[in-house]
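Engineer: Below is the structure, and that's it, no one-letter string:
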């Protein structure tokens with residue numbers, strides 16, 4: 001089977017979407033030795049690990065979504081004689097081949113106020129059409145599967161849950177010199193609470209800042225809050241809270257952090273805080289756990305499903321609950337040790353190799369059902 005995969009977001013700093021595309025494409029190329037992979041990229045340097053595999057070829061497509069989806073991908077699917085296309089969120093309007101779509105979440109349906117008008121118009125018009133036309137929909141959690149079914153009214157049998165996993169570069173206990181290097185690079189002094197992710201309203205940064213301020217008021221611990229992520233969409237205006245904490249040196253906004261710095265950044269943190277309002281999976285939670293960092297996260301959306309009983313779960317709508325959870329973790333070394341161990345055990349449930357195998361099985365089912373002449377593996 002020849003599989004076409006749209007990995008245009010790799011190299012675009014789209015955090016979770018990029019991590020998914022990079023890892024699932026590479027893992028499928030390694031696992032699918034009886035398949036051929038044609039991977040569409042917009043950046044020549046993307047996916048260098050997949051480029052070296054004999055059954056994988058990278059094809060450059062335009063970065064413009066209109067040109068990519070309207071012309072380039074349909075042409076390349078036909079020209080490369082691909083049997084099936086895999087996209088994220090949005091498929092070409094005209095294709096002529098079976099396709100699979102991955103939907104990470106439907107936050108634009110549940111929280112439209114968190115999105116800009118242009119992004120909202122595109123997502124609310126194109127994603128429903130793609131989901132209904134797709135031969136299979138891959139959801140990254142059971143929570144997201146139910147959300148897709150409820151919002152788009154499609155059959156449950158059409159939606160398959162395939163989890164994400166931590167990037168292979170992430171693991172616990174890098175060398176102390178690496179942690180020190182990252183601390184010095186980003187101006188981090190002493191113990192710190194870490195948040196990783198885009199700075200958007202639904203990520204709940206404003207409540208996290210207020211909770212952190214409350215922790216500072218109730219303890220004499222010299223803590224910093226470190227926020228790693230770029231501002232995207234309709235970012236939360238943090239106003240006077242942010243300015244006060246920055247003036248006091250208590251919060252550091254790092255912007256985008258490259259992958260090579262992430263393991264030391266996670267591992268050096270006293271606690272990882274991720275009280276997001278809505279997540280389809282919550283990849284940073286799994287990444288922090290893979291690095292052995294104790295996690296505090298929300299008791300809602302997919303986060304409770306992904307974290308299980310391996311994290312401190314709090315009400316993301318309550319500043320007081322977030323502050324209480326943070327204070328409990330930072331002042332209790334035994335609890336941090338237990339959460340660290342539990343988190344490392346929890347992430348064993350997730351691997352890109354397993355996700356790749358299950359995704360390839362979905363392709364085979366789709367091809368079998370479509371009675372395509374190239375059902376059998378080459």
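Structural biologist: Looks like it came in fine. Worth saying up front: this structure is predicted, and the values here are computed from it rather than measured. Numbers count the residues shown, from 1 in each chain.

Engineer: Please list the outside residues in contact with the helix ranked longest in the chain.
Structural biologist: Across the chain, the longest stretch assigned as helix under DSSP state H is helix 352-370. The contact list for helix 352-370 (Cβ atoms under 8 Å, 6 or more residues apart in numbering) reads 1, 3, 23-24, 26-28, 30-32, 35, 83-84, 86, 98, 100, 135-136, 138, 160, 162-165, 168, 374-375. All C-beta atoms are positioned from the backbone trio N, CA, C, and that covers glycine.

Engineer: And stretch 60-71, by the same measure?
Structural biologist: 6, 8, 40-42, 44, 72-73, 76, 90-93, 122.

Engineer: ok, which stretches of the stretch 201-350 of the chain are strands?
Structural biologist: Here the stretch 201-350 of the chain has its strands, by DSSP state E, counting those that start in this stretch, at 224-228, 251-255, 271-274, 295-298, 312-314.

Engineer: Those strands: which one's closest to residue 264?
Structural biologist: strand 224-228 (11.7 Å; Cβ to Cβ).

Engineer: Strand partners (parallel or antiparallel) of that closest one?
Structural biologist: strand 192-196 (parallel), strand 251-255 (parallel) (DSSP bridges).

Engineer: Burial check on residue 288, number of neighbours?
Structural biologist: Using other Cβ atoms under 10 Å, residue 288 has 34 neighbouring residues.

Engineer: ok, the residue nearest to it when sequence neighbours are not counted - contacts?
Structural biologist: Distances taken as Cβ to Cβ, 6 or more residues apart in numbering put residue 272 closest to residue 288, at 3.7 Å, once the chain neighbours are dropped. Listed by Cβ under 8 Å, 6+ apart, the contact set of residue 272 reads 193, 194, 195, 196, 266, 284, 285, 288, 293, 294, 295, 296.

Engineer: so the third one touches residue 207, yeah?
Structural biologist: Translated: residue 195. No - counting by Cβ atoms under 8 Å, residue 195 stays clear of residue 207, with 11.4 Å between them.

Engineer: sorry, back to before: which one of the contacts of stretch 60-71 is nearest residue 180?
Structural biologist: residue 44 (34.1 Å).

Engineer: Give me the pLDDT for that closest one.
Structural biologist: Residue 44 is assigned 69 on the pLDDT scale.

Engineer: And the one 3 residues further on, by the same measure?
Structural biologist: Residue-level confidence at residue 47 comes out at 67, pLDDT.

Engineer: likewise residue 212?
Structural biologist: For residue 212, pLDDT reads 93.

Engineer: pretty sure it is touching residue 330, no?
Structural biologist: No - using Cβ under 8 Å as the test, residue 212 is too far from residue 330 to be in contact (10.3 Å).

Engineer: Need the residues touching each of those two.
Structural biologist: By Cβ under 8 Å, 6+ apart, the residues touching both residue 212 and residue 330 are 193, 223.

Engineer: Compare neighbour counts for those two and give me the winner.
Structural biologist: The neighbour comparison of residue 212 against residue 330 (other Cβ under 10 Å) goes to residue 212, with 25 against 20.

Engineer: Name only those of the contacts of helix 352-370 that count as buried.
Structural biologist: With burial judged by 16 or more other Cβ atoms under 10 Å, the buried subset of these is 1, 3, 23-24, 26-28, 30-32, 35, 83-84, 86, 98, 100, 135-136, 138, 160, 162-165.

Engineer: Tell me which of these fall in helices.
Structural biologist: Short answer: these in helices (DSSP H) are 23, 24, 26, 27, 28, 30, 31.

Engineer: what about residue 195 and residue 207, which has more around it?
Structural biologist: Neighbours per residue (other Cβ under 10 Å) separate residue 195 from residue 207, with residue 195 holding more: 27 against 21.

Engineer: what's near enough to touch that one?
Structural biologist: Applying Cβ under 8 Å, 6+ apart, the residues contacting residue 195 are 203, 205, 208, 225, 226, 227, 228, 229, 272, 273, 274.

Engineer: Just want to check the distance between it and residue 345.
Structural biologist: 23 Å (Cβ to Cβ, to the nearest Å).

Engineer: Domain boundaries for the protein, per the record?
Structural biologist: 2-165+351-370, 176-349 (automatic domain parsing).

Engineer: Low-confidence stretches in this structure?
Structural biologist: 11-15, 32, 44, 47-52, 172-174, 232-249, 371-378 (pLDDT under 70).

Engineer: Give me the neighbour count for the nearest residue to residue 31 once chain neighbours are set aside.
Structural biologist: Once flanking residues are discounted, residue 31 sits nearest to residue 356: 4.6 Å by Cβ to Cβ, 6+ apart. Residue 356: 22 surrounding residues under other Cβ under 10 Å.
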